Each structure stands twice: as C-alpha cells, then as structure tokens.
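> Take this sequence and fold it.
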Amino acid sequence: MSVRTLQRYQASGNAPRAVYLALWFESRWGMAALHAQALNEAQHARAWVASLERECERLRGVIRALENPQGQAAANSAVFNAF
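Purely as a prediction, here's the structure:
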C-alpha cells in the first residue's frame, strides 16, 4: 500500500474494512486476541484427546474382561462342566 493511499484514507477519515482489520490484527490487542484464541483451541484439543484416551482405556478394559476365560461364567457353563 502506498503512502499516498494512506494519506488519502487519513484525509477522508475512512478506509476500507479490510484495512481496519489488517491494522487491528497488527496491534497488540489483535495479537493478544489471536494468541488467546490459539491457546483456547490448543487446550480444547488436548482435553478432547485426553477424553479419547480415557475412552480407549475403558474399552481395553472391557475387551480384557471379555477375553478373560476366568471371568464371569456363561449361563450354560454348568451343563458343559457336568460331562
């Protein structure tokens, strides 16, 4: 963007919305907002991953319980053990 364009925006007291947004994101408030959003998204992603890890561990426990032959006896195990 040329200096002349900036002078024209300053003289008229108005600039396109894109210019205002670009300048805002270059300010310390804009950078702080971006950093806060990135931090929040990272914390949210980590919490989601932790919940998925807990669910996987729970399901592994269910699989171990189902694969364990010493676990709960089947309803008809007395019939098969009698012979």
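> Could you find the closest non-adjacent residue to residue 1?
For residue 1, ignoring the flanking residues on the chain, the nearest one in space by C-beta to C-beta, 6 or more residues apart in numbering is residue 19 at 7.8 Å. Any C-beta I mention is one placed from the backbone N, CA and C, and that applies to glycine too.
> burial measure for the one you found, as a count.
14 (other C-beta atoms under 10 Å).
> same thing with residue 32?
Neighbours around residue 32, by other C-beta under 10 Å: 10.
> what secondary structure does it sit in?
Three-state assignment for residue 32 (DSSP: H, G, I helix; E, B strand; the rest coil): helix.
> which regions of the chain sit below the pLDDT cut-off?
69, 71-83 (pLDDT under 70).
> and the one helix or strand residue 40 maps to, what other elements does it pack with?
In this assignment (DSSP states H and E), residue 40 forms part of helix 28-67. Here helix 28-67 is seen to pack against helix 17-26 when contacts are counted using 3 or more C-beta pairs under 8 Å, 6 or more residues apart in numbering; DSSP states H and E.
> could you give the angle of the helix it packs on to helix 28-67?
Per axes from the mean of the first three to the mean of the last three C-alpha atoms, to 10 degrees, the angle that helix 17-26 makes with helix 28-67 is 70 degrees.
> Helix 17-26 - contacts with which helices or strands?
Helix 17-26 packs on helix 28-67, going by 3+ C-beta pairs under 8 Å, 6+ apart.
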